[in-house]
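The following comprises the amino acid sequence and a computationally predicted model.
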Amino acid sequence: DVKVTQSSRYLVKRTGEKVFLECVQDMDHENMFWYRQDPGLGLRLIYFSYDVKMKEKGDIPEGYSVSREKKERFSLILESASTNQTSMYLCASLWPERNTIYFGEGSWLTVV
Amino acid sequence: QKEVEQNSGPLSVPEGAIASLNCTYSDRGSQSFFWYRQYSGKSPELIMFIYSNGDKEDGRFTAQLNKASQYVSLLIRDSQPSDSATYLCAVNAGFGNQFYFGTGTSLTVIP
């Protein structure tokens, strides 16, 4: 099975702090994604990456950046956290043979 | 913006009944369609995918796709309390294999 690991499950950060959310997959997948999920708004794509050092903006990239230095690791960065970034963040990896994405367990971020 | 629409529910069915979940999508070029189940506080997990028009069955689950109507549905037969969750419809479209999700339908199966 695909293993997507989000190392930070629950975080509380202060407004203005820099926040790193890490995601690792062990299947040598090329495509990886970061979503946030909010009640009533569903899953919204923040950024995705289709190869090392390659990244593309999703629907809501403002206030976020990403890093993909190695194929297995895709990091989401909040340069200066704000309260409206309090959310559940989900990393996903695409299994190309099945054309299906698999999610990590999620990272719950609270910005106070 | 590629849109995926679902009734938010909540949908309640008695145990043993058939639950029917519906989804429409806006991008006619979409090729792949998925249903994910999400329990409260957990991440989404894949239940089924469907690529071709018609029905696809997997155990108690049946996915139905009608590309002409841009409509996808999920039927859950013999519903169980453990099926109580939010069901997300997803469509694969666009550059880089982007997945677009509906907001989900909350299902409660009443024992």
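Looks like it came in fine. Residues are numbered from 1 along each chain as shown, chains lettered A, B, ... in the order given.

Could you list the low-pLDDT ranges of chain B?
Applying pLDDT under 70 to chain B flags the ranges B:1-2, B:94-96.

now the strands for it?
Along chain B, counting by DSSP state E, strands occupy B:4-6, B:11-14, B:19-25, B:32-38, B:45-50, B:54-58, B:61-66, B:71-76, B:85-93, B:98-101, B:105-110.

Buried residues, the third one. List them.
For strand B:19-25, burial by neighbour count (16 or more other CB atoms under 10 Å in any protein chain shown) applies to B:Ala19, B:Leu21, B:Asn22, B:Cys23, B:Thr24, B:Tyr25. For the C-beta atoms, the positions are set from N, CA and C on the backbone; glycine is no exception.

what pairs with the residue nearest to the spatial centre of chain A across the strands?
Nearest to the mean C-alpha position of chain A, counting by CA atoms, centre = their mean, stands A:Trp34 at 3.1 Å. For A:Trp34, the beta-bridge partners under DSSP bridges are A:Tyr47, A:Cys91.

Equivalent analysis for A:Val66, please.
A:Leu76.

same check, this time on A:Leu21
A:Leu76.

Test my guess that it contacts A:Arg73.
No. Applying CB atoms under 8 Å, one finds A:Leu21 not in contact with A:Arg73, separated by 11.3 Å.

who's more crowded, those two?
It is A:Leu21, of A:Leu21 and A:Arg73, that has more neighbours when counted by other CB atoms under 10 Å in any protein chain shown, with 22 against 15.

State the distance from the more buried one to chain B.
In this view, A:Leu21 and chain B are 14 Å apart by CB to the nearest CB, to the nearest Å.

Now for that residue: which residues touch it?
By CB atoms under 8 Å, 6 or more residues apart in numbering or on different chains, the residues touching A:Leu21 are A:Gln6, A:Ser8, A:Leu11, A:Trp34, A:Ser75, A:Leu76, A:Ile77, A:Leu78, A:Tyr89, A:Cys91, A:Ser107, A:Leu109.

Please state the offset of stretch B:67-75 from the chain centre?
10 Å (CA atoms, centre = their mean, to the nearest Å).

for that stretch, which positions count as buried?
Buried residues in stretch B:67-75, counted by 16+ other CB under 10 Å: B:Gln70, B:Val72, B:Ser73, B:Leu74, B:Leu75.

Next, see if it gets close to chain A.
No. Applying CB under 8 Å from any CB of the partner chain, one finds stretch B:67-75 separated from chain A by no less than 14.9 Å.

and the end-to-end length of that stretch?
17 Å (CA to CA, to the nearest Å).

which outside residues touch that stretch?
Outside stretch B:67-75, the residues touching it (CB under 8 Å, 6+ apart) are B:18-26, B:28, B:33, B:35, B:47-48, B:50, B:53, B:61-66, B:87, B:89, B:91.

Repeat the analysis, applying 7 Å as the threshold.
Here stretch B:67-75 makes contact (CB atoms under 7 Å, 6 or more residues apart in numbering or on different chains) with B:18, B:20-25, B:28, B:33, B:35, B:53, B:61-65, B:87, B:89.
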